[in-house]
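**Student:** sequence plus the predicted model coming up.
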Amino acid sequence: MPLRWRSSARRSAAAACAGAQGKFWEYHDVLFQNQSALDRADLVRYAGQAGLDPAKFEKDLDAKAGAQTIERDKRDAGTIGISSTPTVLINGTRYQMPRGFTPEGMEAAAEAASMPVD
């Protein structure tokens, strides 16, 4: 779920394009390291740094492929009542602690839902 400002949606769409090439987390890491420079040219340059095919990435970005993925995800989230990030579901039950998500709390919720915890 992108945050509510336009630049967040653009970055989310770019990350979805990276995900289409199987490099979401690599791209994520490059974006995180370069938070002060995130205009379109930067996003394309970072694709190469993350090991993506920059030409395919730019083509997908121009075709709004990532934006379509984000819009579909937002629609899907809305159908089950999710409107913000972060939201965590465990076996279909929303998990939220008053002070965020702790590893211990997540483990307890998973155990309560009878899920194996790795």
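**Tutor:** Ah, there it is.

**Student:** could you use CA atoms for every contact and neighbour count after this?
**Tutor:** Noted.

**Student:** could you confirm Asp60 falls within a helix?
**Tutor:** Yes. Using DSSP: H, G, I helix; E, B strand; the rest coil, the assignment for Asp60 is a helix.

**Student:** partners of the helix or strand of the chain with the lowest mean pLDDT, with directions?
**Tutor:** The helix or strand of the chain with the poorest confidence is strand 93-95; it has a mean of 73 (mean pLDDT, DSSP states H and E). Using DSSP bridges, the strands paired with strand 93-95 are strand 88-90 (antiparallel).

**Student:** one step back: pull out the buried residues from the least confident helix or strand of the chain.
**Tutor:** Buried residues in strand 93-95, counted by 16 or more other C-alpha atoms under 10 Å: Tyr95.

**Student:** same check, this time on stretch 34-46
**Tutor:** With burial defined by 16+ other C-alpha under 10 Å, the residues of stretch 34-46 counted as buried are 38, 43-44, 46.

**Student:** how about the residues you listed in a markdown table, adding pLDDT, distance to Thr85 and secondary structure?
**Tutor:** Listed next are these as a markdown table, based on pLDDT from 0 to 100; distance: C-alpha to C-alpha, whole Å; DSSP: H, G, I helix; E, B strand; the rest coil:
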| residue | pLDDT | distance to Thr85 | secondary structure |
| --- | --- | --- | --- |
| Leu38 | 87 | 20 | coil |
| Leu43 | 93 | 22 | helix |
| Val44 | 93 | 25 | helix |
| Tyr46 | 96 | 24 | helix |
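
**Student:** excluding chain neighbours, what is closest to Ala47?
**Tutor:** Pro54 (5.6 Å; C-alpha to C-alpha, 6 or more residues apart in numbering).
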